[in-house]
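Peer 1: Provided below for reference: sequence and predicted model.
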Amino acid sequence: MSEAVIAVALVWAAASGTAVVLTRDPLRQAFVAGFFGLGLAFLYLSLQAGDVALSQIVVGAIALPLIVLLSLAKVRKGRE
Amino acid sequence: MSRRARLVLFAAAAAALAVTLGAGLAGLPSFGGQITSYARILNELAPRQRHVTDVVSAITFDYRGIDTLFEEFILLAAVAGISVLLRPLSDETRQLPQDKAPDRTIPPPSPAVWLLAVLLSSLLVLTGLETITHGTLTPGGGFQGGVILASAIYVVFLGTNYATVERFQPAPLLEASDGVGASGYVFIGLLGLLAGASFLSNVVGLGVTGNPISGGTIPLLNLVVGVEVAGGFVILASEFLDQTAVIRTRRR
């Protein structure tokens, strides 16, 4: 794939990865992390690694947000 | 340790790291520049040797099948660990939330959300099955397809309520599929030993390249991995959902 696409993917991953670190609220961080995961999947796809991109999508879009959001719900319920 | 001593230690460690990391990075092949000889050989050999069109599948489930076996058991151990950690503790009890205003009914999800959930969950099941069964032909396979299958459950939860989801997660069946999937991998590996070859060697008929059923043991291994991963991820989801929905601290 053309180098411009790879460059976009790299910049996206670097920028959103930094954004994950700079976001301090865990709930918002889960969403930003999802956007970062999408960027990583796009990067793998632009490097023609389809299998890895699929794995990244299912882990980044399904498994990770689920665990983070449900853990947050549990913690906040305990605080009430 | 004083602040000055810590700074000196950090400067020394950072310098050492910079030097070794720099030396290591300098020796890397240029970005996207060349295909390694191992990759070239596999791209050349895998379609002819294993009758698959997705070389990555041939690597993960055949040439390096033993690595995937260990990863299978890592996932099994992780799911078992989560189940143990998230059990109801001695000061907790399983109890559905009490309805404090029984005269007011809970509004059901809007028809639009319900319709979206029905469409999306059936599409997810279809995509999951497609990803698992076409692992030898296109990117994807047991792991990815298994997670997609499991995610249909979350969509059902979003579109309905917790009581409906509980019907879809019979614990014995899920635990069985998790275990059967993991041990199925070992049994398929033992086929190789039965045939007089080594463990996990591809001894089943290879079929015609490009057919959905081709590649010998590779589609079979994809299938058992799919069963294990789907079961494991639904267990994971239900354990976390239980924590949020029904497990609460016992009142004194």
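Peer 2: Looks like it came in fine.
Peer 1: ok, now how distant is the residue in chain B positioned nearest to chain A from residue B:3?
Peer 2: Residue nearest to chain A within chain B (CB to the nearest CB): residue B:139, separated by 3.1 Å. All C-beta atoms are positioned from the backbone trio N, CA, C, and that covers glycine. Distance of residue B:139 to residue B:3, computed by CB to CB, to the nearest Å: 52 Å.
Peer 1: So for the two, which sits in the more crowded spot?
Peer 2: residue B:139 (20 against 7; other CB atoms under 10 Å in any protein chain shown).
Peer 1: Can you check my assumption that that one lies in a helix?
Peer 2: No: looking at residue B:139 with DSSP: H, G, I helix; E, B strand; the rest coil, it is coil, so not inside a helix.
Peer 1: what's around the residue nearest to it when sequence neighbours are not counted, how many residues?
Peer 2: In space, and not counting its chain neighbours, residue B:139 is closest to residue A:50: 3.1 Å by CB to CB, 6 or more residues apart in numbering or on different chains. Applying other CB under 10 Å, we find 15 residues neighbouring residue A:50.
Peer 1: Next: residue B:151.
Peer 2: 25.
Peer 1: Could you find the closest non-adjacent residue to it?
Peer 2: Spatial nearest neighbour of residue B:151, excluding adjacent residues (CB to CB, 6+ apart): residue A:62 at 4.6 Å.
Peer 1: Around the one you found, how many other residues sit close by?
Peer 2: Neighbourhood size, residue A:62 [other CB under 10 Å]: 20.
Peer 1: do residue B:91 as well
Peer 2: By other CB under 10 Å, neighbour count at residue B:91 equals 8.
Peer 1: residue contacts, it?
Peer 2: Neighbouring residues of residue B:91 by CB atoms under 8 Å, 6 or more residues apart in numbering or on different chains: B:249, B:250.
Peer 1: Around chain B, which positions in chain A sit nearby?
Peer 2: A:6, A:47, A:50-51, A:53-55, A:57-59, A:62-63, A:66-67, A:70-71, A:73-74, A:77-78 (CB under 8 Å from any CB of the partner chain).
Peer 1: Could you list which of the residues you listed belong to helices?
Peer 2: Judged by DSSP state H, the residues of chain A next to chain B include A:6, A:50-51, A:53-55, A:57-58, A:66-67, A:70-71, A:73-74, A:77-78 as members of helices.
Peer 1: Can you name the two of those that sit furthest apart?
Peer 2: For these, the farthest-apart pair by CB to CB is A:6 and A:78; their separation is 45.0 Å.
Peer 1: Could you check which of these two has the larger neighbour count?
Peer 2: residue A:6 (16 against 9).
Peer 1: Run the angle between the longest helix seen in chain B and helix A:50-58 for me.
Peer 2: Secondary structure of chain B per DSSP H: the longest helix is helix B:217-245. Counting by axes from the mean of the first three to the mean of the last three CA atoms, to 10 degrees, helix B:217-245 lies at 10 degrees to helix A:50-58.
Peer 1: Report the mean confidence score over helix B:217-245.
Peer 2: Here helix B:217-245 scores 89 as its mean pLDDT.
Peer 1: List the pairing partners of the helix or strand following that helix within its sheet, with orientation.
Peer 2: The helix or strand immediately downstream of helix B:217-245 is strand B:247-249, counting by DSSP states H and E. Strand pairing for strand B:247-249, determined by DSSP bridges: strand B:92-94 (antiparallel).
Peer 1: from the chain's centre, how far out does the partner strand sit?
Peer 2: 29 Å (CA atoms, centre = their mean, to the nearest Å).
Peer 1: same deal with stretch B:65-81?
Peer 2: Relative to the centre of its chain, stretch B:65-81 is centred 10 Å away, using CA atoms, centre = their mean.
Peer 1: Tally up the residues packed near the nearest residue to residue B:142 once chain neighbours are set aside, please.
Peer 2: Setting aside the residues directly before and after it, residue B:142 is nearest to residue B:225 in space (CB to CB, 6+ apart), at 2.8 Å. Per other CB under 10 Å, the neighbour tally for residue B:225 reads 29.
Peer 1: residues touching residue B:225, list them.
Peer 2: Counting by CB under 8 Å, 6+ apart, residue B:225 makes contact with B:61, B:68, B:72, B:141, B:142, B:143, B:146, B:181, B:185.
Peer 1: ok, those vs residue B:233, which is closest?
Peer 2: Nearest to residue B:233 out of these is residue B:146 (CB to CB; 6.6 Å).
Peer 1: And the closest one, how close does it get to residue B:75?
Peer 2: Counting by CB to CB, the gap from residue B:146 to residue B:75 is 10 Å.
Peer 1: Could you identify the buried members of the ones in helices among the residues of chain A next to chain B?
Peer 2: Among those, those classed as buried by neighbour count (16 or more other CB atoms under 10 Å in any protein chain shown) are A:6, A:51, A:53, A:54, A:55, A:57, A:58, A:66, A:70, A:73, A:74.
Peer 1: List the contacts of the residue in chain A positioned nearest to chain B.
Peer 2: Nearest residue of chain A to chain B (CB to the nearest CB) works out as residue A:50 at 3.1 Å. Listed by CB under 8 Å, 6+ apart, the contact set of residue A:50 reads A:44, B:56, B:138, B:139, B:140.
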